[in-house]
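S.K.: After the sequence you'll find the predicted model.
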Amino acid sequence: MLLRPCLRHKKVHSMTEDNTRTLGLIQQTCGDDPAKNLESALRAIIEAAKRGAQIICLQELFRSRYFCQTEDADWFALAESVPGPTTDTLCKLAGGLGVVLIAPLFEKRAEGIYHNTAVVIDADGTISGKYRKMHIPDDPLFHEKFYFTPGDTGFQSFNTRYGWVGVLICWDQWFPEAARLTALSGAQFLFYPTAIGYQEADAGEKEKQAAAWETVQKGHSIANGVFLATANRVGREDALTFWGKSFVCDPFGEVIASAGEDKPEILIANCDLSKIEQTRQNWPFLRDRRVDAYKNLTRLYDDPHA
């Protein structure tokens, strides 16, 4: 079956105030002082809002350096409650600016229970909800299982002033099931706050790795007919170099805004919401799913020799 090229035979709607949303992605470097990292993020949020951003996403664990390179219990001191001091500050800022914020934090839920969490703050300064990272990696220099309990919020989207916002976090990027379930909850936007980079031993493969990272996410946008936005950190932190390259793509998988790989940036992208329906009408992947045939997806592996 040949896929029909989206929009080729249809009149493209012009963007209007009603169907356009402006996204802002904050790509930052992080230092040793969480207070200074927060201040830098606040300044970037204000600048993004001045440039028209309505939904603004910070990078994963934006208040600190990426501490998961080692297993050290001292880093648990960085964790905070949600709601807590950082969300209090961000709620006031969001309400004052009239913007939606996605704030990824190291959450202390209880003694001994910590999560990698993204808080969605609506434009009136209230918390719409939170997503706790579901897929937790344990790779060289990414020892997240030592710090984070796997999330229990499920895959969901949040109804905000500027649209339905779905949030997944970093390692979640590689799992199509997570993107699909979030889209099925009504998300118009999939946001991925991220901390991804390479170690020196992999420097020769970094371009291939970054290309695969972008490709899999563009696939999520196409398969689900949604806008997708990834905010990555940038710069060298101990043994890791974070490659930046934050980007936004439309439901057709076309990159409409992208950042560089070597410096902090505030990325602004205009999104025409009418493209969601246009794409889904021409590529009706959600319609043509065979949900009756997917029960084996709940198995870890369908062993043919069992």
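M.R.: Received it, and whenever you're ready, just let me know what you need. This is a predicted model, so every value here is computed, not measured.

S.K.: how about the helices in the stretch 151-300 of the chain?
M.R.: 176-184, 206-224, 274-282 (DSSP state H, counting those that start in this stretch).

S.K.: Longest strand of the chain, counting residues only.
M.R.: strand 100-110 (DSSP state E).

S.K.: What's opposite the most centrally placed residue in the chain in the beta bridge?
M.R.: Computing the C-alpha centroid of the chain and ranking residues by CA atoms, centre = their mean puts residue 192 first, at 1.1 Å. Counting by DSSP bridges, residue 192 forms beta bridges with residue 230.

S.K.: how far away is it from residue 249?
M.R.: 11 Å (CB to CB, to the nearest Å). Just so you know, the C-beta spots here come from the backbone N, C-alpha and C atoms, and that holds for glycine as well.

S.K.: got any ranges where the stretch 51-200 of the chain has weak pLDDT?
M.R.: Applying pLDDT under 70 to the stretch 51-200 of the chain flags no residue at all.

S.K.: Moving C-terminal from the longest strand of the chain, which element do we reach first?
M.R.: Later in the chain than strand 100-110, the nearest helix or strand by DSSP states H and E is strand 113-121.

S.K.: what lines up beside that next one in the sheet?
M.R.: Looking at strand 113-121 with DSSP bridges, its partner strands are strand 100-110 (antiparallel), strand 127-132 (antiparallel).

S.K.: Need the winner for burial among the ones you listed.
M.R.: strand 100-110 (a mean of 24; mean count of other CB atoms under 10 Å).

S.K.: Tell me how far the residue nearest to residue 183 when sequence neighbours are not counted lies from residue 280.
M.R.: Nearest residue to residue 183, sequence neighbours excluded (CB to CB, 6 or more residues apart in numbering): residue 224, at 3.7 Å. Between residue 224 and residue 280 the computed distance is 9 Å (CB to CB).

S.K.: These two: which has the busier surroundings?
M.R.: Shown here are residue 224 and residue 280; by other CB atoms under 10 Å, residue 224 has more neighbours (25 against 17).

S.K.: give the contact list for residue 164.
M.R.: 157, 158, 186, 187, 188, 189 (CB atoms under 8 Å, 6 or more residues apart in numbering).

S.K.: Pull out the buried members of the residues you listed.
M.R.: 157, 158, 187, 188, 189 (16 or more other CB atoms under 10 Å).

S.K.: Adding distance to residue 209, write these out as CSV.
M.R.: Shown next, in CSV, are the buried ones among the contacts of residue 164 (distance: CB to CB, whole Å):
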residue, distance to residue 209
157, 29
158, 31
187, 26
188, 29
189, 25
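
S.K.: Relative to residue 304, which of those residues is nearest.
M.R.: residue 187 (34.7 Å; CB to CB).

S.K.: Relative to residue 218, how far out is the closest one?
M.R.: To residue 218, residue 187 is 16 Å away according to CB to CB.

S.K.: Residue 184 too?
M.R.: Counting by CB to CB - residue 184 and residue 218 are separated by 19 Å.

S.K.: These two: who's more crowded?
M.R.: Applying other CB under 10 Å to residue 184 and residue 218 shows that residue 218 carries more neighbours, namely 18 against 15.

S.K.: could you pull out the strands for the stretch 201-306 of the chain?
M.R.: With strands called from DSSP state E, counting those that start in this stretch, the stretch 201-306 of the chain shows them at 227-232, 234-237, 240-243, 247-249, 255-258, 265-272.

S.K.: Contacts for the shortest one, please.
M.R.: For strand 247-249, the external contacting residues (CB under 8 Å, 6+ apart) are 23, 25, 214, 217-218, 221, 227-230, 255-259, 267, 269, 271.

S.K.: next one: the third one
M.R.: Under the contact criterion CB under 8 Å, 6+ apart, strand 240-243 has outside partners 66, 69, 141, 195-200, 203, 206, 210, 232-236, 261.

S.K.: how close does the nearest residue to residue 287 once chain neighbours are set aside sit to residue 221?
M.R.: Among residues not flanking residue 287 along the chain, residue 280 sits closest, at 7.8 Å (CB to CB, 6+ apart). Distance of residue 280 to residue 221, given as CB to CB: 12 Å.

S.K.: Determine the residues that are contacts of both of the two.
M.R.: By CB under 8 Å, 6+ apart, the residues touching both residue 280 and residue 221 are residue 251.

S.K.: Counting neighbours, which bits of stretch 277-288 end up buried?
M.R.: Quick answer for stretch 277-288 (16+ other CB under 10 Å): 278, 279, 280, 282, 283.

S.K.: Show me what the host helix or strand of residue 41 is packed up against.
M.R.: Taking DSSP H and E as the definition, residue 41 sits inside helix 34-50. Here helix 34-50 touches strand 20-27, strand 55-57, helix 85-97, strand 265-272, going by 3 or more CB pairs under 8 Å, 6 or more residues apart in numbering; DSSP states H and E.
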